[in-house]
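Student: Build me a model from this:
(one chain, ligands or ions: 1)
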Amino acid sequence: MTDAKFSEVTDDSIRHLVDEFYTRVRADAELGPVFDNAIGDWDPHLATMRDFWSSVMLTSGRYKGNPVMKHRRVEGISYELFERWLALFGDTAGALFEPALADVFKSKAARIAESLRLAVFYRPDQPWPPTAA
Ligand code: HEM
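Tutor: I've put the predicted structure just below:
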């Protein structure tokens, strides 16, 4: 990869981000096994994630789905694992995009992660955020 960073959010730069992020996810000791166990065929997942980020960043409306239901069913997902996901996503966005744009990706990801965490792990009778066991 060269030092030049994307200065625009386009279908092309989103594709680079998604490809690079999931390459790093698969190589990650914590996230890799969880994703590889859940995803048999990566091509459709990568296509869904391109649509997702296009909807988030370009309001293209391309993504239609129910991420909450999907994440509830992911074996091995945990509240803490989201920290790892966000760190890796932030590193990837920072490596590919100019800082101001990387920050937009990071803050969108952080907000979506928080709402997914609440939807998947919140229990009315338990403290929030969950305390480590
Ligand atoms: C620890 C954190 C996370 C883990 C382990 C995880 C894992 C997964 C897995 C395994 C799938 C595929 C599910 C399937 O096809 O059955 C998936 C789908 C997806 N994930 Fe995550 N994820 C995490 C965090 C996030 C975050 C923070 C976002 C958004 C910023 C996100 C957005 C999505 C979306 C949009 C899909 C596609 C759902 C669909 O098929 O409609 N994920 N995730």
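
Student: list the contacts for Leu114?
Tutor: Careful, residue 114 is Glu and not Leu. Residues near Glu114 by CB atoms under 8 Å, 6 or more residues apart in numbering: none. Where C-beta positions appear, they are placed from N, C-alpha and C, glycine not excepted.

Student: Next to the ligand, which bits of this protein? Give me the list.
Tutor: 34-35, 38-39, 45, 48, 52, 65, 67, 70-71, 74, 77, 81-82, 85, 109, 112-113, 116 (CB under 6 Å from any ligand atom).

Student: so where is this structure shaky, pLDDT-wise?
Tutor: Within the chain, the stretches with pLDDT under 70 are 1-2, 132-133.

Student: Mind jotting down where the helices sit in it?
Tutor: 11-27, 31-38, 42-58, 67-72, 81-96, 99-121 (DSSP state H).

Student: from this structure, which residue is nearest to the ligand?
Tutor: Gly65 (2.5 Å; CB to the nearest ligand atom).

Student: and the gap between the closest residue to that residue other than its chain neighbours and Phe97?
Tutor: Distances taken as CB to CB, 6 or more residues apart in numbering place Thr48 nearest to Gly65, at 6.9 Å, with adjacent residues excluded. From Thr48 over to Phe97 the distance is 21 Å, taken as CB to CB, to the nearest Å.

Student: higher neighbour count, the two?
Tutor: Phe97 (22 against 17; other CB atoms under 10 Å).

Student: got a list of what the more buried one touches?
Tutor: Each residue near Phe97 by CB under 8 Å, 6+ apart is listed here: Lys5, Phe6, Ser7, Val9, Ser13, Leu17, Phe105.

Student: Show me how to select, in PyMOL, the buried members of those.
Tutor: This is the PyMOL syntax for the buried subset of the contacts of Phe97, where burial follows 16 or more other CB atoms under 10 Å:
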select buried, resi 5+6+9+13+17+105
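
Student: that older thread, my read: the residue of the chain closest to the ligand touches Met49, true?
Tutor: No: the pair Gly65 / Met49 is not scored as a contact, 10.4 Å apart, by CB atoms under 8 Å.
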